[in-house]
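Q: coordinates only, no sequence provided:
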Ligand code: HEM
């Protein structure tokens, strides 16, 4: 990695011809790629000079897209006081955030209810069977 840039320095590169984006705290010069981007130039211009981590990850870009990204690397981001906090992709939030796995919690609860219900039905059945045979 050749150089370190601050957010202010990255923010200066915010035009189509001079377009830097930050993804996972690395700085990429996407100017040459804007016209080729399969997702269109508009979305790249939207994040020009900014942290595009969330936007990039939310789309679920392929490994090929990541390779292209690595080819555009110019340096790493140097965070200074007052900079915005690192952006996280939605997938990171699910993995890290408390309550982020609400859905799986519900899944476990649901399984427990089915299991307890099944056991109750089984015992009721065997109880009735033993009563019948007497
Ligand atoms: C310099 C950074 C980026 C690179 C190198 C890049 C590269 C690519 C590539 C190669 C594809 C084709 C599909 C794939 O391989 O995943 C793609 C699709 C796409 N990209 Fe990006 N991308 C970048 C940034 C972004 C950003 C910031 C957004 C913002 C939302 C975005 C939105 C999309 C969308 C929506 C598609 C899907 C297009 C479609 O399938 O019609 N990309 N990108």
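A: It's in. As the structure is a computational prediction, the values presented were derived from the model and not from experiment.

Q: elements contacting the longest helix along the chain?
A: In the chain, with assignment by DSSP state H, the single longest helix is helix 102-132. When contacts are defined as 3 or more Cβ pairs under 8 Å, 6 or more residues apart in numbering; DSSP states H and E, helix 102-132 packs onto no helix or strand at all. Glycine gets a C-beta too; all of them are placed from N, C-alpha and C.

Q: gap between that helix and the chain center?
A: 37 Å (Cα atoms, centre = their mean, to the nearest Å).

Q: quick one: secondary structure of the residue of the chain found nearest the ligand?
A: Residue nearest to the ligand within the chain (Cβ to the nearest ligand atom): residue 39, separated by 2.4 Å. Three-state call for residue 39 (DSSP: H, G, I helix; E, B strand; the rest coil): coil.

Q: mind checking pLDDT for the nearest residue to it once chain neighbours are set aside?
A: Spatial nearest neighbour of residue 39, excluding adjacent residues (Cβ to Cβ, 6 or more residues apart in numbering): residue 59 at 6.7 Å. pLDDT for residue 59: 95.

Q: that older thread, the residue of the chain closest to the ligand contacts residue 58, correct?
A: No: Residue 39 sits out of contact with residue 58 when judged by Cβ atoms under 8 Å, with a separation of 11.2 Å.

Q: number of nearby residues for the residue nearest to residue 39?
A: By other Cβ atoms under 10 Å, the residues close to residue 59 number 12.

Q: residue 52 now?
A: Neighbour number of residue 52 under other Cβ under 10 Å is 22.

Q: who's in contact with it?
A: Taking Cβ atoms under 8 Å, 6 or more residues apart in numbering as the contact definition, residue 52 lies against 21, 22, 23, 44.

Q: can you give me phi and psi for it?
A: Per-residue torsions, residue 52: phi -100, psi 10 (degrees, to the nearest 10).
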